[in-house]
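**Student:** Everything below, folded, please.
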Amino acid sequence: MLSSPGGALAVICDLEAGRLNGGSRQAAIDRGVNSHQDLVRDLFRRFDPNDQQANHLGPNINPAKILALSGDPESGRKVFHETAGGLCARCHRSTAGGADFGPDLTHIAAKYNRGDLLDNILFPSKTIAQGYATYVVKTKSGDVLTGLLVKQTDQEIVLKDATLKETHVPAADLEKMTPQTISAMPDGLLNDLTAQQAADLIGFLQTQK
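**Tutor:** Below you'll find the predicted structure:
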């Protein structure tokens, strides 16, 4: 299961629910912490006692602590594109590339100041950009699909998921389509960063004008 990020997430759920104990628990943690895959290792960092010394921000983030630091844009570019398997680039584009799932950030600094940039990362559901609401679709056959609405016509709707896969649902098969108030961008993206890494990320986003 630890050979893929999806399997690693399932193991983490078992760990946090207490379904793995004793030797099995420690073996899973050791394998995850030492995985050859960056994303799997990042997922298991929370269980690595040596990694706790890195002074990660954790779930209770003080924005003022981040904003008090000067951010290095070049280091922030690496956070955007490389940290945790591409912390931001897995869903967003910048001037240095990235994926076309979330809003394009190549001109985000023209819209938001430094504090607002951080606020939007910390509270992604506070303001969902137009055209980027997540929809839950139920078909008449009972399938439930989730994704961004790419297209809606009298003939079909097209959803796109975070892997950029598009699913075409014929209008005749559609039973219900509901927009969600929760952003596709997850909470807690900065939790495993240090305050300096977060400040560097904001510094990089400030260059996107």
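
**Student:** Please pull out the lowest mean pLDDT helix or strand from this structure.
**Tutor:** Every helix and strand in the chain was compared by mean pLDDT, DSSP states H and E; the lowest is helix 38-44, with a mean of 79.

**Student:** tell me which residues of it are tucked away?
**Tutor:** Applying a neighbour-count criterion of 16 or more other CB atoms under 10 Å, one finds 39-44 buried in helix 38-44. All C-beta spots, glycine's among them, are computed from the backbone N, C-alpha and C.

**Student:** before we move on, what about stretch 18-32?
**Tutor:** Applying 16+ other CB under 10 Å to stretch 18-32 flags 20, 25, 28-29, 31-32 as buried.

**Student:** how about the strands of this structure, start to end?
**Tutor:** 93-94, 97-98, 134-139, 144-152, 156-160, 166-170, 174-179 (DSSP state E).

**Student:** Need the residues that contact the fourth one.
**Tutor:** To tie it back to what came earlier, the one meant is strand 144-152. Outside of strand 144-152, the residues within contact range by CB atoms under 8 Å, 6 or more residues apart in numbering are 101, 131-139, 157-162, 166-167, 169, 184.

**Student:** one more time with 6 Å, if that's ok
**Tutor:** Contacts to strand 144-152, defined as CB atoms under 6 Å, 6 or more residues apart in numbering, come from residues 135-138, 158-161, 167.

**Student:** partner strands of it, parallel or antiparallel?
**Tutor:** strand 134-139 (antiparallel), strand 156-160 (antiparallel) (DSSP bridges).

**Student:** so which of these comes closest to residue 11?
**Tutor:** strand 134-139 (26.1 Å; CB to CB).

**Student:** I'd like to know how far residue 169 sits from residue 178.
**Tutor:** 14 Å (CB to CB, to the nearest Å).

**Student:** out of the two, which sits in the more crowded spot?
**Tutor:** residue 169 (19 against 9; other CB atoms under 10 Å).

**Student:** Excluding covalently adjacent residues, which one is nearest to that one?
**Tutor:** In space, and not counting its chain neighbours, residue 169 is closest to residue 157: 5.1 Å by CB to CB, 6 or more residues apart in numbering.

**Student:** Show me the domain layout of the protein.
**Tutor:** 5-54, 63-126+186-206, 134-179 (automatic domain parsing).

**Student:** Highest mean neighbour count out of the ones you listed?
**Tutor:** domain 63-126+186-206 (a mean of 18; mean count of other CB atoms under 10 Å).

**Student:** Distance from the chain centre to that one, please.
**Tutor:** 11 Å (CA atoms, centre = their mean, to the nearest Å).

**Student:** ditto for stretch 18-35
**Tutor:** 24 Å.

**Student:** if we look at stretch 101-118, which residues are touching it?
**Tutor:** 63, 91-95, 129, 132, 162, 202, 205-206, 208-209.
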